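Peer 1: quick one: sequence and predicted model below, then my questions.
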There are 2 protein chains.
Amino acid sequence: MPVISKKKIKIGRLKPVPGFTACGMSCGIKKNGKKDLALIVSDAPAAVAGVFTTNKVKAAPVMLSIARVKKGWTRGVVINSGNANACTGRRGDKDAMAMTAAVEKALGLKTGEMLAASTGVIGVPLPVKKIEAASDALASRLRNNGLAEVSEAILTTDAFPKTAFLSVNIHGVKISIAGIAKGAGMICPDMATLLAFFMTDAAIKPAALRRALKEAVDVSFNGISVDNDMSTNDTALAFASGASNPKEIKAGTPDFRRFTSLLTEVAQRLARMIVMDGEGATRFITLEVCGAASRKDAASAAKTVASSMLVKTAFFGGDPNWGRILAALGRAGIKMKEDRVDVFFNGVQVVKRGLDTGKEKKAARAVNPAEVLVRIGLNMGDFSTVHWTSDLSYEYVKINSAYRT
Amino acid sequence: MPVISKKKIKIGRLKPVPGFTACGMSCGIKKNGKKDLALIVSDAPAAVAGVFTTNKVKAAPVMLSIARVKKGWTRGVVINSGNANACTGRRGDKDAMAMTAAVEKALGLKTGEMLAASTGVIGVPLPVKKIEAASDALASRLRNNGLAEVSEAILTTDAFPKTAFLSVNIHGVKISIAGIAKGAGMICPDMATLLAFFMTDAAIKPAALRRALKEAVDVSFNGISVDNDMSTNDTALAFASGASNPKEIKAGTPDFRRFTSLLTEVAQRLARMIVMDGEGATRFITLEVCGAASRKDAASAAKTVASSMLVKTAFFGGDPNWGRILAALGRAGIKMKEDRVDVFFNGVQVVKRGLDTGKEKKAARAVNPAEVLVRIGLNMGDFSTVHWTSDLSYEYVKINSAYRT
């Protein structure tokens, strides 16, 4: 993953993507009356690709979408928040099916043409009747500029909606990608549900789109977590309508590289926003590990340091506690020698070859800003990685101890 | 590990163990004037066994003690709190050596006869001159009933000292084991330093003592953590003076089993106290996993659930959030089927074959007490385990974000 830019996060202003309509509304699942139901629809069958949770406990809508994405083409996705429809057994499967059936009927589509995604409380049956009752109203709300409503309707504990929109010219034809994501619990391995949706008007077949999506997710969402830590509902879907750019983007071509770069940039912007919105997060931490003996070592070092509660609480306290970083590295299962480790906080070297550089005060100032770049040099080899995380605050505990009550 | 008894924890009243003297005092390492230096001495060479951190970053006193324990016999240990003497390079090695040398001199012992242990802040040079200056006063304080002072002098963020004392008759001769421990951060994988010292008047050779200690640690301290999560300073030492029971306890005999059971019981009492003193802990959680397909699966399931921040915060909030437990199981890398999982909170079944039993109110009452027994039935095989943990509170974040400042 490339080092992120130091620009402040700007919520990307969504523009319409040719070939898609969308909308969001409240159907009564959330008790506070906030939006909890969203729809993204392609005017014609769109190429689709998906990346799903690897958790063995998969929510019903995830199982449904995994099966339907295999066809490679779809008409869109219906999403609800406030209830995850996970750990709900056969009833959950029926409810996920009913959720898509209601929307398919309202849109005049055939069974199986729509996908589903859910996020919210686990283990409580989905109040699917509310979705069924709202489906005609939902369908009639669809419009070109409805994606912003989707970004609101999919939120749970998120503090703000996450969107990104970028365009690029390929052979003189502009193609765009709109990205919408949801998630705010990723500061720990038990990340809250991640949902991400990408809409593009590029013409790209399902297999190539799948490759591009996998590459983009690997260096964005997977850089703030890892596969096997995913929640029961994590879902990333990419839809390509082909509406604006009839020239097909084929895998392995320069056009494909440009498209994948654009998709990656959109995904990384969303990933940064998710970390920024980490439950209760007060600091954004970029963790650069370099000089690892292998790619696996680099990832393991970054992940172990990033998920250390002692490291995270020290950052919350503005404490340049490099000892906790060394202790985390020591149990990361990597090749390391204590007397080779260097650590920098925002450019201030606090550890040189395993020893304190005595720059305590300077280091304390360096970890004070809202963004901290932690650079760890292992000096064992040539592999490096970048990981994004946040600090651990009182607020995190508060949010997660009170989530359902 | 056997299921823990529901008895409230009582701080074990320490009695003298024949053959040992001990004491604790303040030498000025801790700025608040609290005790920070302790000594345990055997009148004659005692058999010794040790279990040490597997962290690749090992503190200087750990390196020193690992080397000296290999001889099998020692005269005791000097312990300081307030400074871990970890990540301190060659200077740290010299300081650990100087720390034992000062005490050896004051006691009229030869170089290498004493062990060392340290706990406290990482990366700051040990103020060894303070220990050297105090060593004569420390040696003159030694007395039969000094172990309680040791239990105070080794504390860092601990809320209370942890001691246990048990005796058993072996062939009509009473042998005793006194246990002293320190540690309060074990509610997460980055546990704070664990120090544990066991003194017995039994006659047992180093090899047999090593076997007994390993067995006791495996089903006590390792049941609240795992080897590779250990801190830079973790140390468990067992000393056997043989002062009261000249009949040697040989490995593999019924006497050895009785001795090991006694040592295990002392270690488990200390382990329970450490969890109870988990930084900011408000609830004590016993996690029983049964029906796992393998021993590894049982341990992995218990560890993943026990270290889930979402599970821990839910317990803090008194929220019977079994969905988070299922989500943790799903990413534990074990053989499982969602529709076979049973979950009980203090006897109330909240999940039956993967589904909500609808006993929300009863379950909410069940997770309310200060002690919660969580029983997870995987129904995949015959392996089971017990793990002890605590909840995650505001207080944990507070303690760990302010530790050094």
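Peer 2: Received it, and whenever you're ready, just let me know what you need.

Peer 1: quick one: low-confidence parts of chain A?
Peer 2: For chain A, the stretches with pLDDT under 70 are A:1-12, A:184-192, A:225-230, A:245, A:278-279, A:395-405.

Peer 1: the residue most distant from the middle of it, which is it?
Peer 2: Ranking residues of chain A by C-alpha distance from their mean position (C-alpha atoms, centre = their mean) puts A:G358 at the top, at 38.6 Å.

Peer 1: am I right that it is in a helix?
Peer 2: No - using DSSP: H, G, I helix; E, B strand; the rest coil, the secondary structure at A:G358 is coil, not a helix.

Peer 1: quick one, phi psi at A:G24?
Peer 2: Torsion angles at A:G24 (phi, psi; degrees, to the nearest 10) stand at phi -150, psi 150.

Peer 1: kindly report the residues of the stretch 251-400 of chain A close to chain B.
Peer 2: Within the stretch 251-400 of chain A, the positions adjacent to chain B are A:308-311, A:313-314, A:316-319, A:321-324, A:326-331, A:333, A:336, A:338-339, A:351, A:354-356, A:392-394, A:396-398, A:400 by C-beta under 8 Å from any C-beta of the partner chain. No exception for glycine: its C-beta is placed from N, CA and C like everyone else's.

Peer 1: report how many residues lie close to the closest residue to chain B within the stretch 51-200 of chain A.
Peer 2: Closest contact between the stretch 51-200 of chain A and chain B, by C-beta to the nearest C-beta, is at A:I122 (2.6 Å). By other C-beta atoms under 10 Å in any protein chain shown, 26 other residues sit near A:I122.

Peer 1: find the nearest non-adjacent residue to it, please.
Peer 2: Closest residue to A:I122 apart from its sequence neighbours, by C-beta to C-beta, 6 or more residues apart in numbering or on different chains: B:G323 at 2.6 Å.

Peer 1: so how far is A:G123 from that neighbour?
Peer 2: 4 Å (C-beta to C-beta, to the nearest Å).

Peer 1: what's the longest helix anywhere in chain A packed up against?
Peer 2: Taking DSSP state H as the criterion, chain A has its longest helix at helix A:254-276. Judged by 3 or more C-beta pairs under 8 Å, 6 or more residues apart in numbering or on different chains; DSSP states H and E, helix A:254-276 is in contact with strand A:162-170, strand A:173-182, strand A:195-202, helix A:206-218, strand A:284-292, strand A:383-390.

Peer 1: which of these sits closest to B:A240?
Peer 2: Comparison of these against B:A240 by C-beta to C-beta identifies strand A:284-292 as nearest, at 43.9 Å.

Peer 1: export that closest one as PDB, just CAs?
Peer 2: In PDB, the C-alpha atoms belonging to strand A:284-292 read as follows (Å, rounded to 0.1, in the frame of the first residue of the first chain):
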ATOM      1  CA  PHE A 284      -5.400   8.600  12.900                       C
ATOM      2  CA  ILE A 285      -2.300   6.400  12.900                       C
ATOM      3  CA  THR A 286      -0.300   5.400   9.800                       C
ATOM      4  CA  LEU A 287       1.900   2.500  10.600                       C
ATOM      5  CA  GLU A 288       4.800   1.900   8.200                       C
ATOM      6  CA  VAL A 289       6.800  -1.200   8.700                       C
ATOM      7  CA  CYS A 290      10.000  -1.500   6.600                       C
ATOM      8  CA  GLY A 291      13.000  -3.700   6.500                       C
ATOM      9  CA  ALA A 292      11.000  -6.900   7.200                       C
END
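
Peer 1: what about the strands in chain A?
Peer 2: When secondary structure is read from DSSP state E, chain A shows strands at A:20-25, A:37-52, A:73-83, A:114-121, A:162-170, A:173-182, A:195-202, A:235-245, A:284-292, A:342-345, A:348-352, A:355-356, A:371-377, A:383-390.

Peer 1: mean neighbour count added to these, as CSV?
Peer 2: Listed next are the strands of chain A as CSV, based on neighbours: other C-beta atoms under 10 Å in any protein chain shown:
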stretch, mean neighbour count
strand A:20-25, 23
strand A:37-52, 23
strand A:73-83, 26
strand A:114-121, 27
strand A:162-170, 19
strand A:173-182, 24
strand A:195-202, 28
strand A:235-245, 25
strand A:284-292, 22
strand A:342-345, 22
strand A:348-352, 20
strand A:355-356, 20
strand A:371-377, 20
strand A:383-390, 23
